[in-house]
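Undergrad: what shape does this take:
(one chain, ligands or ions: 1)
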Amino acid sequence: MRAAIIGSGYIARVHARLIGELGGEVVAVVGRTLGAAQAFGIGRAHDNVEAMLRAEKPDVVHVCSPNTFHAEQSIAAFRAGAHVLCEKPMATSGDDCRRMIDAADQAGRVGAIAYCYRGYPLVRELRRLVRTGDFGELWRVTGLYLSQDVFDPEKYVWHFTPGLCGPSYALFDFGVHWLDLVQYISGRPIEEIFARFHTRRRERTWRGGTGQGPMPPGHPDSTGGVAVDFGLEDQADIVVGFGGGASGGATIMGLSPGNPNHIAVSMDGEKGGFDWLQEQPNSYVERRLGRKIVRDKDPDRLQPADRWTSSVPGGHPEGYLDAFRNVIAESWRGMKGETKDFPTFGAGLCGIEIVEAAVKSANAGSTAAVTDSGPSFDEAFPFTA
Ligand SMILES: NC(=O)c1ccc[n+]([C@@H]2O[C@H](COP(=O)([O-])OP(=O)(O)OC[C@H]3O[C@@H](n4cnc5c(N)ncnc54)[C@H](O)[C@@H]3O)[C@@H](O)[C@H]2O)c1
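TA: Reported below is the predicted structural model:
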């Protein structure tokens, strides 16, 4: 694949590395400034998406820019005839996601979302066990996504600049991964949500450092910093109800000290349950009445169609980059028409619709129904036993 990357920050570097590992070529990178793209040091440097698309004609565009640009940049890529692998969150509104889906359909191209945590072999194993009824009728789905990313009161990220992140912070930055994982594993849609939001640190100061984005609206103080009143949630507590009757919830937080990426998924059904932690992704605890069994990654236990996700034999750990590479690989196969089992734009829209319902719920103080305006759940989260 001849790939172009839009964005030149943290996640753009991860994509560049994995594109190379998969035998692709990064032909171009688009930065907010030409200097940023040049400093990236891989691919031809650009500072204009349309001009890059005309000049480079990439097969696929990896959209790794701040959230608010995902929709227009993806739509431009489809119009130029490229496929799109878009970072999460897919966009900042359901309306924008639907425009992206329409643009992909009109162009006859495929859009995928970088839901990287799906790529762990044991997430595949758990998906098969849950979806084929090994734990029986599902009752409880709970978990966490705790990060310390913005715990430091001195830290400023572009998400704090009004308009760059969308109507939610914690759920868009961390929560969409958890919401995707539990629907992917369970095979059941989240249909309703009750959310309570807190903003624990309201005052943030932009100082123009790396990763802080352009100067936010406001007046620079005597030190050159701009004070921003951050109004989005940095802690979200949610209660969710699934189609089929399972229920549960999660806390999603960007201010949890000592927790860089603590993602927990725990489910119980009428025949058993499991607990999985992203920080130890090569094992999970299977629970039956009176028994806890630690299951280590064992490629032989994977469904034949999922064995490729384990790139090394049992006893050798798979990591974040392996999982991420798997998701890019299956997305590219989806673009070539070889599989439907990849994180679809339908799944991306689904996550945004849940966050929109959460924002509605938090504002109203009551449970909100999740709009379901995209492809069917089975199309968005395909699975073959
Ligand atoms: N899949 C994951 O687990 C994961 C992890 C981190 C980030 N992300 C997502 O990736 C996106 C980028 O996050 P990041 O952590 O790399 O942020 P970052 O701040 O490290 O990088 C953002 C980059 O976008 C560039 N940029 C800003 N405006 C632009 C524009 N108009 N056109 C092109 N480039 C522009 C910036 O110069 C910067 O290089 C976000 O949507 C984020 O949610 C996903």
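
Undergrad: find the closest residue to the ligand in the stretch 1-150 of the chain.
TA: residue 9 (1.9 Å; C-beta to the nearest ligand atom). Backbone N, C-alpha and C define where each C-beta goes, glycine included.

Undergrad: contacts only, for that residue.
TA: Contact partners of residue 9, counting by C-beta atoms under 8 Å, 6 or more residues apart in numbering, are 64, 211.

Undergrad: what of the one 4 residues further on?
TA: Contact analysis of residue 13 by C-beta under 8 Å, 6+ apart lists residue 40.

Undergrad: run the chain-centre distance for whichever strand or helix holds it.
TA: Following DSSP states H and E, one finds residue 13 within helix 10-21. For helix 10-21, the distance between its averaged C-alpha position and the chain's averaged C-alpha position is 16 Å (C-alpha atoms, centre = their mean, to the nearest Å).

Undergrad: one more: stretch 141-152?
TA: The gap between the average C-alpha position of stretch 141-152 and the chain average comes to 14 Å, counting by C-alpha atoms, centre = their mean.

Undergrad: how about it, which residues are buried there?
TA: Taking 16 or more other C-beta atoms under 10 Å as the basis for neighbour counts, the residues of stretch 141-152 that come out buried are 141, 142, 143, 144, 145, 146, 147, 148, 149, 150, 151.

Undergrad: please name the bridge partners of the third one.
TA: The one in question is residue 143. Following DSSP bridges, residue 143 is listed with bridge partners residue 250, residue 265.

Undergrad: just checking, next helix/strand downstream of the helix holding residue 13?
TA: Next along the chain after helix 10-21, taking DSSP H and E as the criterion, comes strand 25-30.

Undergrad: which residues touch that next one?
TA: Contact partners of strand 25-30, identified using C-beta under 8 Å, 6+ apart, comprise 1-8, 12, 16, 19-20, 37, 40, 42-49, 52, 55-56, 58, 65.

Undergrad: list only those of those residues flagged as buried.
TA: Among those, the ones that count as buried by 16+ other C-beta under 10 Å are 1-8, 12, 16, 19, 37, 40, 42-43, 45-47, 49, 52, 56, 58, 65.

Undergrad: among these, name the ones in strands.
TA: Using DSSP state E to define strands, the subset of those located there is 2, 3, 4, 5, 6, 45, 46.

Undergrad: save the residues you listed as a markdown table, and put in pLDDT and distance to residue 174 too.
TA: Formatted as a markdown table, these follow (pLDDT from 0 to 100; distance: C-beta to C-beta, whole Å):
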| residue | pLDDT | distance to residue 174 |
| --- | --- | --- |
| 2 | 98 | 32 |
| 3 | 98 | 26 |
| 4 | 98 | 27 |
| 5 | 98 | 23 |
| 6 | 98 | 22 |
| 45 | 98 | 31 |
| 46 | 98 | 30 |
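
Undergrad: out of those residues, which touch the ligand?
TA: Residues of these in contact with the ligand (C-beta under 6 Å from any ligand atom): residue 6.

Undergrad: in a markdown table: the ones in strands among the buried ones among the contacts of strand 25-30, plus distance to residue 334.
TA: Rendered in a markdown table, the data for these read as follows (distance: C-beta to C-beta, whole Å):
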| residue | distance to residue 334 |
| --- | --- |
| 2 | 17 |
| 3 | 15 |
| 4 | 18 |
| 5 | 19 |
| 6 | 20 |
| 45 | 29 |
| 46 | 26 |
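
Undergrad: is it correct that residue 198 is in contact with residue 235?
TA: Yes. Using C-beta atoms under 8 Å, residue 198 is in contact with residue 235, at 4.3 Å.

Undergrad: which single residue of the stretch 251-385 of the chain ends up nearest the ligand?
TA: When distances are taken as C-beta to the nearest ligand atom, the stretch 251-385 of the chain approaches the ligand most closely through residue 324, which lies 7.3 Å from it.

Undergrad: give me the beta-bridge partners of the residue lying closest to residue 19 once chain neighbours are set aside?
TA: Of all residues beyond its chain neighbours, the one nearest residue 19 is residue 3 (5.0 Å), with distances taken as C-beta to C-beta, 6 or more residues apart in numbering. Residues found in beta-bridge contact with residue 3 (criterion: DSSP bridges) are residue 26, residue 60.

Undergrad: count of neighbours near the nearest residue to residue 243 once chain neighbours are set aside?
TA: Here the nearest residue to residue 243 in space, its sequence neighbours aside, is residue 189; by C-beta to C-beta, 6+ apart that works out to 4.7 Å. Close neighbours of residue 189, defined as other C-beta atoms under 10 Å, add up to 20.

Undergrad: surely residue 189 and residue 240 touch.
TA: No. The pair residue 189 and residue 240 fails to qualify as a contact (C-beta under 8 Å) at a distance of 10.2 Å.

Undergrad: and residue 283, how many neighbours?
TA: Counted with other C-beta under 10 Å, residues neighbouring residue 283 total 14.

Undergrad: what's residue 171 sitting at in phi/psi?
TA: Dihedral pair for residue 171: phi -70, psi -40, per degrees, to the nearest 10.

Undergrad: correct me if wrong: it contacts residue 234.
TA: No. Shown here, residue 171 and residue 234 do not form a contact pair, counting by C-beta under 8 Å, at 10.5 Å.

Undergrad: more neighbours, those two?
TA: Between residue 171 and residue 234, residue 171 has the larger neighbour count (other C-beta under 10 Å), namely 31 against 25.

Undergrad: in contact with the more buried one, which residues?
TA: Under the criterion of C-beta under 8 Å, 6+ apart, the neighbours of residue 171 are 179, 195, 233, 236, 238, 252, 355, 358, 359.
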